[in-house]
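Colleague: quick one, fold the following:
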Amino acid sequence: MRWPPISKGPFAVAPYLTDYDDERRRFSYEAVAREVDRLPGGGMNIAHEAVDRHAEGAHADKVAIRWLGAGEHEVRDLTYADLSIDTARFANVLGDLGLHRGERVFLLMGRLPELYVAALGALRFGAAFAPLFSAFGPEPIRQRMQMGSGRLLVTTPKLYAKKVAELREQLPDLAHVLLVGDGADGFADPTVHDHTKLMATASPQFTTVATDPEDLALLHFTSGTTGMPKGAMHVHQALVHHLASVRYALDLHEDDIFWCTADPGWITGTSYGIIAPLLVGATMIVDSAEFNGPRWYRILEEQRVTVWYTAPTAVRMLMKLGREPLVGRDLSSVRFASSVGEPLNPEAVVWGKDVLGLPFHDNWWQTETGGIMIANYQAMPIRPGSMGRPLPGIDAAIAEREVDDDGNTLALRILEAPDVEGELVLRAGWPSMFRGYLDQPERYVRCFFDGWYLTGDLARRDADGYFWFVGRADDVIKTAGHLIGPFEVESVLIEHPAVAEAGVIGVPDEMAGNVIKAFVTLNQGYLASDELLRDLRAHSRRLLGPAVAPREIVVRDYLPKTRSGKIMRRLLRAQELGLDQGDLSTLENPS
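Modeller: Numbers count the residues shown, from 1 in each chain. Below is the predicted model of the structure:
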């Protein structure tokens, strides 16, 4: 038995972007904004545009989300009308529990239908939602929820018991927890509720809040090289760029069957795994299972996926499986394939052409940009290894920045000559640009200079306007598509009584892009041993989760430091790979 297909697909469609230069001349965000169905008083609400508008129109009975369970034939369809009813119920649950507009709802779970309903329901209510990666350990969860003043958490009984229950005293703002799934009624705490029961009794009628375009909608935490994670704040007006970018960069049309494999705990899984495809009225595939090559090929074939958005790490894992899982598979429905999260190596582009009959189109953006900024397009030649060219409405440049000893920008010079390496900068002002770092206004101000957003990424632009990623200007580690801040890992290692100092770096890995490696020095009275290393690995995995914990830990007598006492991660990385300091640009990680 097969999963029932949604449509026959593929279908003939003209690309949104055919004449790049002409489209850039004609484009305006004001024109895109005029397509948005405004609410009373000029309000703009992401959930209204993604759900209500379709549910009240011709798409009411169209499948918005097809969820594929871990079981062989487990499937659940949510039409736009279903999604409207369910999100209304969730919004009413928030009101019944005493939440107020503007408060933060945190989501901690895998790809369950309830996550998508909660995210959109929170937006309908006028709350902001903040996704959490379900593989995080207790410490990253505590940090983010504490910083974000989370008022309500939606999670599963298993994740709550394992990662959150013991933290409740450290989360004074957390008023309520909604538990999804079996075992939700097994907690005596009156602030812990059975999600299913509350949803069953909630009203299916709710008038979406007419939020202001500049009201906070999304709170995404991104890791830095020093200090705590940063909370990037995005507003409802971001939907204007989401709508434009999903058309241009992913060529997504309303008749498409779209599959974004990104985890909803990260911004790709929110911007393009929830919001953008629903804005255009497409059908989304949501797979609850973790990566499984044969299963993925089966989904592409049986669901007749037409647009596929995935990550280079996943592509490399599929490449490693060889051609055997492809035998007998018909993947001809896929008409556009794209990749994001780290630079896509040229071999993967060629592999896509061989396996799918079409190449993977790489694109580039950051948590702070809120949406795709630079892309390879459907109707334009791909240059394997390139990020592509800026979207209409986006002005990008290569710059040379002069900074003082504290890292403050003193001057910025735009480099006009082609093939010169420098920092990638973007002219500020696009709708999905983040509006601040939560409670860190000075840090936000430092991201801009003279009207340019300073990305921190090193790149070059060729003579034809294609941009090429060179490296990351700081030490953030990209592993299997996830951004990991060294400071977070180092802080947990230092909590162990044996550890005096810790330095964390990313080491290149064929599958994951990078894996995390830690170097530690020991406190007096402790000696390096296999038993101690096992204890350190267990300690870090327990607090950080397996996705964030270091793959390898090495004990050293000392760690290299600057004169001010900061551990020199760049030197650690150079020593690890036997490179000179001048070779370090090849090791940096993309944003």
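Colleague: and after the least confident helix or strand in the chain by mean pLDDT, which helix or strand comes next?
Modeller: When each helix and strand of the chain is scored by mean pLDDT, DSSP states H and E, strand 482-484 comes last, with a mean of 70. As assigned by DSSP states H and E, the chain's next helix or strand after strand 482-484 is helix 486-495.
Colleague: contacts for the longest helix seen in the chain, please.
Modeller: The longest helix of the chain (DSSP state H) is helix 80-96. Under the contact criterion Cβ atoms under 8 Å, 6 or more residues apart in numbering, helix 80-96 has outside partners 47, 51-52, 54-56, 59-62, 64-65, 78, 105, 116-118, 120-122, 124-125, 127, 152, 178, 198-199, 202-206, 208, 281. C-beta: built from backbone N, CA, C; applies to glycine.
Colleague: what do you get for stretch 19-30?
Modeller: Contacts for stretch 19-30 (Cβ under 8 Å, 6+ apart): 17, 240-241, 244, 248, 377, 380, 389, 392-393, 430-431.
Colleague: which of these has the most neighbours?
Modeller: Ala244 (29 neighbours; other Cβ atoms under 10 Å).
Colleague: sorry, back to before: need the contacts of stretch 19-30 in TSV (columns: distance to Val492, secondary structure and pLDDT).
Modeller: Listed next are the contacts of stretch 19-30 as TSV, based on distance: Cβ to Cβ, whole Å; DSSP: H, G, I helix; E, B strand; the rest coil; pLDDT from 0 to 100:
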residue	distance to Val492	secondary structure	pLDDT
Leu17	45	coil	93
Val240	39	helix	98
His241	36	helix	98
Ala244	40	helix	98
Tyr248	41	helix	98
Tyr377	42	coil	96
Met380	45	coil	90
Arg389	41	strand	97
Pro392	43	coil	98
Gly393	41	coil	98
Trp430	36	coil	98
Pro431	37	coil	98
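Colleague: quick one, what contacts the spatially closest residue to Leu174 that is not a sequence neighbour?
Modeller: Setting aside the residues directly before and after it, Leu174 is nearest to Gly150 in space (Cβ to Cβ, 6 or more residues apart in numbering), at 5.6 Å. Each residue near Gly150 by Cβ under 8 Å, 6+ apart is listed here: 104-106, 130, 144, 171, 173-174.
Colleague: now the buried members of those.
Modeller: 104-106, 130, 144, 171, 174 (16 or more other Cβ atoms under 10 Å).
Colleague: quick check: Ala463 touching Val420?
Modeller: No: taking Cβ atoms under 8 Å as the definition, Ala463 is not a contact partner of Val420, at 11.1 Å.
Colleague: could you flag which of the contacts of helix 80-96 are buried?
Modeller: Looking at the contacts of helix 80-96 with 16+ other Cβ under 10 Å, the buried ones turn out to be 47, 51-52, 54-55, 59, 62, 64-65, 78, 105, 116-118, 120-122, 124-125, 127, 152, 178, 198-199, 202, 206, 208, 281.
Colleague: in strands, which of these fall?
Modeller: Per DSSP state E, strands hold the following members of those: 64-65, 78, 105, 152, 178.
Colleague: from these, which two are the most distant?
Modeller: Ala64 and Leu152 (23.8 Å; Cβ to Cβ).
Colleague: so where do the helices sit in the stretch 401-550 of the chain?
Modeller: 441-445, 486-495, 530-544 (DSSP state H, counting those that start in this stretch).
Colleague: so which of those comes closest to Gly137?
Modeller: Closest approach to Gly137 among those is made by helix 530-544 (4.3 Å; Cβ to Cβ).
Colleague: against which helices or strands is the next helix or strand after the closest one packed?
Modeller: Sequence order places strand 552-555 as the next helix or strand after helix 530-544, per DSSP H and E. Here strand 552-555 touches strand 513-522, helix 530-544, going by 3 or more Cβ pairs under 8 Å, 6 or more residues apart in numbering; DSSP states H and E.
Colleague: go with 6 Å
Modeller: Judged by 3 or more Cβ pairs under 6 Å, 6 or more residues apart in numbering; DSSP states H and E, the packing partners of strand 552-555 are strand 513-522.
Colleague: endpoints of stretch 132-148, how far apart?
Modeller: One end of stretch 132-148 sits 11 Å from the other (Cα to Cα, to the nearest Å).
Colleague: ok, and what's touching it?
Modeller: Stretch 132-148 is contacted from outside by 104, 106, 108-110, 130, 163, 167, 170-171, 219, 221, 228-229, 231, 265, 492, 543-545, 547, using Cβ atoms under 6 Å, 6 or more residues apart in numbering.
Colleague: my guess is Gln237 meets Ser432, correct?
Modeller: No: using Cβ atoms under 6 Å, Gln237 makes no contact with Ser432, being 7.8 Å away.
Colleague: what about stretch 310-326, start to end distance?
Modeller: By Cα to Cα, the extent of stretch 310-326 from end to end equals 18 Å.
Colleague: return the set of buried residues in it.
Modeller: Residues 310-319, 325-326 are the ones in stretch 310-326 that count as buried (16+ other Cβ under 10 Å).
Colleague: TSV please, covering those and showing secondary structure, pLDDT and distance to Asp404.
Modeller: Formatted as TSV, the buried residues of stretch 310-326 follow (DSSP: H, G, I helix; E, B strand; the rest coil; pLDDT from 0 to 100; distance: Cβ to Cβ, whole Å):
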residue	secondary structure	pLDDT	distance to Asp404
Thr310	strand	95	41
Ala311	coil	89	37
Pro312	helix	84	36
Thr313	helix	79	37
Ala314	helix	86	41
Val315	helix	87	41
Arg316	helix	81	41
Met317	helix	83	44
Leu318	helix	88	46
Met319	helix	84	45
Pro325	helix	90	55
Leu326	helix	91	55
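Colleague: neighbouring contacts of stretch 376-395?
Modeller: 15, 17-18, 23-24, 27, 29, 245, 248, 251, 336, 346, 349, 359, 361-362, 364, 373-375, 396, 427, 465-469.
Colleague: just the buried ones from those, in ChimeraX syntax?
Modeller: Paste this into ChimeraX to select the buried members of those, with burial taken from 16+ other Cβ under 10 Å:
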select :17,23,24,27,29,245,248,251,336,349,359,361,362,364,373,374,375,396,466,467,468,469
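Colleague: re the thing from before, tell me the one among the buried ones among the contacts of Gly150 nearest to Ser288.
Modeller: For the buried ones among the contacts of Gly150, the nearest to Ser288 is Phe106 (20.1 Å; Cβ to Cβ).
Colleague: who's the closest one bridged to?
Modeller: Here Phe106 sits in beta bridges with Ala130, Leu153, going by DSSP bridges.
Colleague: which SS class is Leu99?
Modeller: coil (DSSP: H, G, I helix; E, B strand; the rest coil).
Colleague: adjust the sequence numbering to begin at 660 for everything that follows.
Modeller: Noted, 660 is the first residue going forward, which turns the last one into Leu758.
Colleague: bridged to the residue nearest to Val1166 when sequence neighbours are not counted, which residues?
Modeller: Leaving aside its sequence neighbours, Val1166 sits nearest to Lys1176 (Cβ to Cβ, 6+ apart; 4.9 Å). Beta-bridge partners recorded for Lys1176 (DSSP bridges): Ile1164, Glu1211.
Colleague: surely Lys1176 touches Glu1211?
Modeller: Yes: in this structure, Lys1176 is within contact of Glu1211 by Cβ under 6 Å, at 4.8 Å.
Colleague: alright, I will stop here.
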